[in-house]
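*Asks:* Build me a model from this:
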Amino acid sequence: MSQTIHPFLSEIAEEVKRGGISRRDFFKYAVICGLSVSAAGKLIGLTGPEIAVAASSIDWKGLEQESPFEIKNLLIQKAEEACAKSGCSILNAGRGNPNFLNTEVRKSFALLTLFAAELAQQGSTVKDLGYRQGKSGMAAALQEFLKKHHGDPGEAFLEQAISYALSKVAMDADEIIFQLVDGIQADFYPDPPRIFPVTEQIVRKYLDRVVFSGAPPQGDFHLFATEGATAAMIYIFNSLKENMILNPGDKVAIVTPIFSPYLELPVLKDYGLETVYIRGSEEMDWQVPDSEVAKLKDPRIKALYMVNPTNPTSVSLNADTVKRMAKTIRIHNPDMVIISDTVYASFVDEFNTFGKELPENILGVYSYSKYFGVTGWRLGVVMVHEDCVINRLIKKLPKAKQAQLDLRYRLISTKPGDIPFHERLEMDSRQVALAHTGGISGPQQVAMCLFSLYELTDDDYVYKKSIMDILKKRWTALYTALAMPEPQGKNLTRYYALIDLKKLAAKMYGPAFSEQLTASHSLEFLFKLAENHHTVCLPGEGFAGPNWSLRVALANIDEKNCRDVGLAIVAVMKEYKQSMPA
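*Replies:* Next comes the predicted model:
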């Protein structure tokens, strides 16, 4: 039976023959489009023996698992080509960064930077050169500066933020301002490298509000400031490996659907871990059924990780799901490490975290990127409980392994065995030898403080309500255009929408059409969106979602664009209907 060859592949094949694209990349595109190795080889003019060599030398299974972000680049290329001919603009609903951002904190950051620079110039007789100042009297100096700049952009919030910090942070006033000013000047390496004391106290209060809804569990969480959530994840996996908590062949459970790079991370050769999917159920609004929860009883599963609320479903695990999963872990797998990326917690009315149920087990990850529109600033943090289970697991390692770890960390301490995991995280992020240069920059940490203080001083959640209202309107516009019921609930972020194309097809033209449609390759639908309607979405399957689904990123496009995406999806569905025999 001959295979239908997508026109895009024919174009790429010609480019391969001209030497512009490698064979490996061509075969990658062929797999994405569902073409067999034999058909792909013939398309670029390979002989039978050459095809056999290609088949044996290329990781076909790996190619099938290519990230949806790789596919996105192909789709953008096709949309650009279509727009070059018609003069249209690309509608890119594949990007996850928001098109909204907080402006007030940026103004106050600029004003605080001005204060720090002017303060450094005091006593200097050299043009454009200042000196590091002592902390004595610095709080009073800032108050005088703010009086002088009364009414300037950012002044009102900066004064409010500093007032809150001085009243809520258990530190001397001059020490607080000194750490903020010294951080924003950034003339020294961050010290301590894991996180400034003032940053840790302020960010902890912010996380108490956002992650724990104002009711944190007993005991403190130590924090490690990182370059966003993705860096935090890398640091966590590396440190768990270095400390022999996760070893090659160990199992890790992943709650799916999930941000696709998190599917790819554990199976890298660096870690060699075996993954077990804990699949959310679409019929249960993406909560986890008991049959999936039961997988966590397996003692060979050493870690569980997730994005909660999820990308791409925009759903937060409800209280019942969290309690059922936590109970199973507590009874059957009490040493399990739980890694939870909570970047979208700020966008829901009701958030439930494993940090309340199993605080000793969780490594919480949070990023400021989405809520404040600071993806390019790289602001993230890892939360580690003071009674973290990992510290106990390290102590239980065989003496020989503990000796290996002592050898690794003795560069830092004469008692390396006493170094807790939250400190090892920072050390391992710089391969121990360069631990003194670890952590994120001073200005980044000051920015984290100011963004945290902005939320902490917003008693009525005005900013949060504004963002949620924007996303709600975009959500409604998309689903109205699709003529599909609009999902509701307090645990929805509405940051993304995962559209089940099989269900949409059945609703529009009946079950028979839906079955006929899904007999073809699902990625073709995305290519038609890009080529015929200059619209880019990502395949849901790449996030371990339903095979015939796509993800729309609502945060990056406006209300009209959301409606246009919905209309484009409907139009492609009509094109399929018209092309199929009655």
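*Asks:* Flag the shaky bits of the stretch 451-582 of the chain, pLDDT-wise.
*Replies:* The model of the stretch 451-582 of the chain has pLDDT under 70 over residues 582.
*Asks:* which stretches of it form helices?
*Replies:* Secondary structure of the stretch 451-582 of the chain (DSSP state H, counting those that start in this stretch): helices located at 462-482, 501-509, 511-517, 523-533, 559-579.
*Asks:* How about the stretch 1-150 of the chain?
*Replies:* 7-17, 23-32, 37-43, 48-57, 60-64, 68-86, 104-121, 138-148.
*Asks:* Need the helices of the stretch 451-582 of the chain in JSON lines (columns: distance to residue 407 and mean neighbour count).
*Replies:* Just so you know, the C-beta spots here come from the backbone N, C-alpha and C atoms, and that holds for glycine as well. Shown next, in JSON lines, are the helices of the stretch 451-582 of the chain (distance: least, Cβ to Cβ, whole Å; neighbours: other Cβ atoms under 10 Å):
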{"stretch": "helix 462-482", "distance to residue 407": "48", "mean neighbour count": "18"}
{"stretch": "helix 501-509", "distance to residue 407": "55", "mean neighbour count": "19"}
{"stretch": "helix 511-517", "distance to residue 407": "60", "mean neighbour count": "15"}
{"stretch": "helix 523-533", "distance to residue 407": "49", "mean neighbour count": "21"}
{"stretch": "helix 559-579", "distance to residue 407": "55", "mean neighbour count": "18"}
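*Asks:* Out of the ones you listed, which gets nearest to residue 336?
*Replies:* For the helices of the stretch 451-582 of the chain, proximity to residue 336 was assessed by Cβ to Cβ; helix 462-482 is nearest, at 32.2 Å.
*Asks:* quick revisit: make TSV out of the helices of the stretch 451-582 of the chain and add distance to residue 305.
*Replies:* As requested, these are exported to TSV (distance: least, Cβ to Cβ, whole Å):
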stretch	distance to residue 305
helix 462-482	25
helix 501-509	28
helix 511-517	34
helix 523-533	27
helix 559-579	30
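*Asks:* Identify whichever of those lies nearest to residue 94.
*Replies:* Closest approach to residue 94 among the helices of the stretch 451-582 of the chain is made by helix 523-533 (9.5 Å; Cβ to Cβ).
*Asks:* got the contact list for the closest one?
*Replies:* With Cβ atoms under 8 Å, 6 or more residues apart in numbering as the test, helix 523-533 has contacts from 6, 8, 32-34, 71, 75-76, 78-79, 81-82, 91, 501, 535-539, 548, 550, 568-569, 571-572, 575-576.
*Asks:* start to end distance for stretch 218-236?
*Replies:* End-to-end distance of stretch 218-236 (Cα to Cα, to the nearest Å): 23 Å.
*Asks:* Give me the residue ranges of the chain where confidence is low.
*Replies:* 1-8, 20, 28-29, 31-36, 54-70, 582.
*Asks:* all strands of it, in order?
*Replies:* All strands of the chain, identified by DSSP state E, fall at 91-92, 221-226, 251-256, 274-279, 301-307, 337-341, 362-367, 380-385, 496-500, 535-536, 538-539, 549-553.
*Asks:* Go ahead and measure how far stretch 238-253 is from the middle of the chain.
*Replies:* Remark: stretch 238-253 is offset 21 Å from the chain centroid, using Cα atoms, centre = their mean, to the nearest Å.
*Asks:* Ok, stretch 87-100 next?
*Replies:* 18 Å.
*Asks:* first to last residue in it, what's the distance?
*Replies:* Using Cα to Cα, the two ends of stretch 87-100 sit 27 Å apart.
*Asks:* With stretch 248-265 instead?
*Replies:* By Cα to Cα, one end of stretch 248-265 lies 13 Å from the other end.
*Asks:* Then stretch 163-180?
*Replies:* 14 Å.
*Asks:* Please identify the buried residues of it?
*Replies:* With burial defined by 16 or more other Cβ atoms under 10 Å, the residues of stretch 163-180 counted as buried are 164, 165, 169, 173, 174, 176, 177, 178, 179, 180.
*Asks:* do the same with stretch 153-165
*Replies:* Buried, per 16+ other Cβ under 10 Å, within stretch 153-165: 154, 155, 157, 158, 159, 161, 162, 164, 165.
*Asks:* Show me this structure divided up by domain.
*Replies:* Domains of the chain are assigned by automatic domain parsing as 7-66, 70-96+462-579, 104-185, 200-440.
*Asks:* could I get the ones you listed as TSV with distance to residue 454?
*Replies:* TSV is the format used below for the domains of the chain (distance: least, Cβ to Cβ, whole Å):
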stretch	distance to residue 454
domain 7-66	39
domain 70-96+462-579	7
domain 104-185	5
domain 200-440	8
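*Asks:* Nearest to residue 455, out of the ones you listed?
*Replies:* It's domain 200-440; of these, that one is closest to residue 455 (Cβ to Cβ) at 5.9 Å.
*Asks:* so how far is the closest one off the chain centroid?
*Replies:* Worked out by Cα atoms, centre = their mean, domain 200-440 lies 13 Å from the chain centre.
*Asks:* how far away is the residue located most distally from the centre of the chain from residue 133?
*Replies:* Within the chain, the residue lying farthest from the chain centre (Cα atoms, centre = their mean) is residue 125, at 47.6 Å. Using Cβ to Cβ, to the nearest Å, we find residue 125 at a distance of 16 Å from residue 133.
*Asks:* do residue 263 as well
*Replies:* In terms of Cβ to Cβ, residue 263 sits 49 Å off from residue 133.
*Asks:* And residue 15, by the same measure?
*Replies:* Using Cβ to Cβ, residue 15 is found at 60 Å from residue 133.
*Asks:* And the two? Which one has more around it.
*Replies:* Neighbour comparison, residue 15 and residue 133: the larger count goes to residue 133, with 19 against 13 (by other Cβ atoms under 10 Å).
*Asks:* Which residue lies closest in space to the more buried one, excluding its sequence neighbours?
*Replies:* residue 119 (5.5 Å; Cβ to Cβ, 6 or more residues apart in numbering).
*Asks:* ok, now residue 263?
*Replies:* Leaving aside its sequence neighbours, residue 263 sits nearest to residue 544 (Cβ to Cβ, 6+ apart; 5.9 Å).
*Asks:* surely the one you found meets residue 277?
*Replies:* Yes - with contact defined as Cβ atoms under 8 Å, residue 544 counts as touching residue 277 (6.2 Å).
*Asks:* what sits in contact with each of these two?
*Replies:* Counting by Cβ under 8 Å, 6+ apart, the common neighbours of residue 544 and residue 277 are 254, 256.
*Asks:* Looking at the two, which one has more neighbours?
*Replies:* For residue 544 versus residue 277, neighbours defined as other Cβ under 10 Å are more numerous around residue 544 (20 against 15).
*Asks:* can you pull the contacts of that one?
*Replies:* 254, 256, 257, 258, 260, 263, 277, 279.
*Asks:* Can you tell me which of those has the most neighbours?
*Replies:* residue 257 (28 neighbours).
*Asks:* you'd agree that one is up against residue 538?
*Replies:* No - Residue 257 is beyond contact range of residue 538, at 11.4 Å (criterion: Cβ under 8 Å).
*Asks:* Overlap in contacts, those two.
*Replies:* Counting by Cβ under 8 Å, 6+ apart, the residues touching both residue 257 and residue 538 are residue 312.
*Asks:* mind checking how far stretch 185-203 is from the chain centre?
*Replies:* Put simply, stretch 185-203 sits 23 Å off its chain's centre (Cα atoms, centre = their mean).
*Asks:* Quick check: buried residues in it?
*Replies:* Neighbour counts over stretch 185-203 (16+ other Cβ under 10 Å) mark 185, 190, 193, 194, 195, 196, 198, 199, 200, 201, 202, 203 as buried.
*Asks:* One more: stretch 46-53?
*Replies:* Going by 16+ other Cβ under 10 Å, stretch 46-53 has these buried residues: 46, 51.
*Asks:* Kindly report the same for stretch 409-427.
*Replies:* For stretch 409-427, a neighbour-count test (16+ other Cβ under 10 Å) marks 409, 412, 416, 419, 421, 422, 423, 424, 425, 426, 427 as buried.
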